[in-house]
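*Asks:* what would the 3D arrangement of this be:
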Amino acid sequence: MAIIKTVRDYTPQFGENCFLADNAVVIGEVTTGDNCSVWFSAVVRGDVNFIKMGSKVNVQDGAVIHCTYQKCPTTIGNNVSIGHNAIVHGCTIHDNVLIGMGAIVMDNAVVHSNSIIAAGAVVLENTVVESGCIYAGVPAKKVKNLSEEQTADLIERIANNYVFYSKWFE
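*Replies:* Below is the predicted model of the structure:
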């Protein structure tokens, strides 16, 4: 059973049809929309500030979502996939975004809608990621624009797949 822990009088709140893996950890001031999933060994730690996730967000295996005390909360929009072992920290992720495996998004960064952060990329503090683009590298830089077809194929397909996968564990 997932670890769901109250901290500083804040208890995580979940929307409908959410899946939490047996060893997922969700702590403190965390709210999710509907059809979200937090996978094996993932940590969503709203102990020092709030974390707000929209609907159809998947936090894949080993990922960490955190924030900065009295400074940077974390806000995640709808239809967002946070890849295996990614770190999302004190930033804003808009709708329809894919954060690749092992990527890091740091404090006060803003990732606009319909964007991809490539696997292993590091989005530095205060970076603004343009809508409809792929950012890659260390530090992350824009490498190309995404077409609507690429957005549908990559971002929407993966988010929908994770809603589907979570049903296997009911």
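
*Asks:* mind listing the strands the host helix or strand of Lys52 pairs with, and their directions?
*Replies:* Using DSSP states H and E, Lys52 sits in strand 43-53. Next to strand 43-53 in the sheet, as set by DSSP bridges, lie strand 25-31 (parallel), strand 64-66 (parallel), strand 74-76 (parallel).

*Asks:* what separates the second one from the chain centre, distance-wise?
*Replies:* Computed by Cα atoms, centre = their mean, to the nearest Å, the separation of strand 64-66 from the middle of its chain amounts to 8 Å.

*Asks:* other residues contacting that strand?
*Replies:* 42-45, 48, 51, 59, 74, 76, 82, 86-90 (Cβ atoms under 8 Å, 6 or more residues apart in numbering). Any C-beta I mention is one placed from the backbone N, CA and C, and that applies to glycine too.

*Asks:* please, a PyMOL command that selects the buried ones among those residues?
*Replies:* In PyMOL, this line selects whichever of these come out buried by 16 or more other Cβ atoms under 10 Å:
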select buried, resi 42+43+44+45+48+51+59+74+76+82+86+87+88+89+90
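
*Asks:* closest one to Val105 out of the contacts of strand 64-66, please.
*Replies:* Among the contacts of strand 64-66, Val88 lies closest to Val105 (Cβ to Cβ), at 5.0 Å.

*Asks:* surely that closest one and Val105 touch.
*Replies:* Yes. Contact criterion Cβ atoms under 8 Å: Val88 and Val105 qualify, at 5.0 Å.

*Asks:* can you list residues touching both of those two?
*Replies:* Ile99.

*Asks:* quick one, phi/psi of Cys67?
*Replies:* phi -150, psi -180 (degrees, to the nearest 10).

*Asks:* which pLDDT value does the model give it?
*Replies:* Listed pLDDT for Cys67 reads 97.

*Asks:* dump the residue contacts of the residue nearest the centre of the chain.
*Replies:* Central residue of the chain (Cα atoms, centre = their mean): Ile82, 4.1 Å from the mean position. Applying Cβ under 8 Å, 6+ apart to Ile82 gives the contacts Val57, Asn58, Val59, Gln60, Ala63, Ile65, Ile76, Val88, Ile99.
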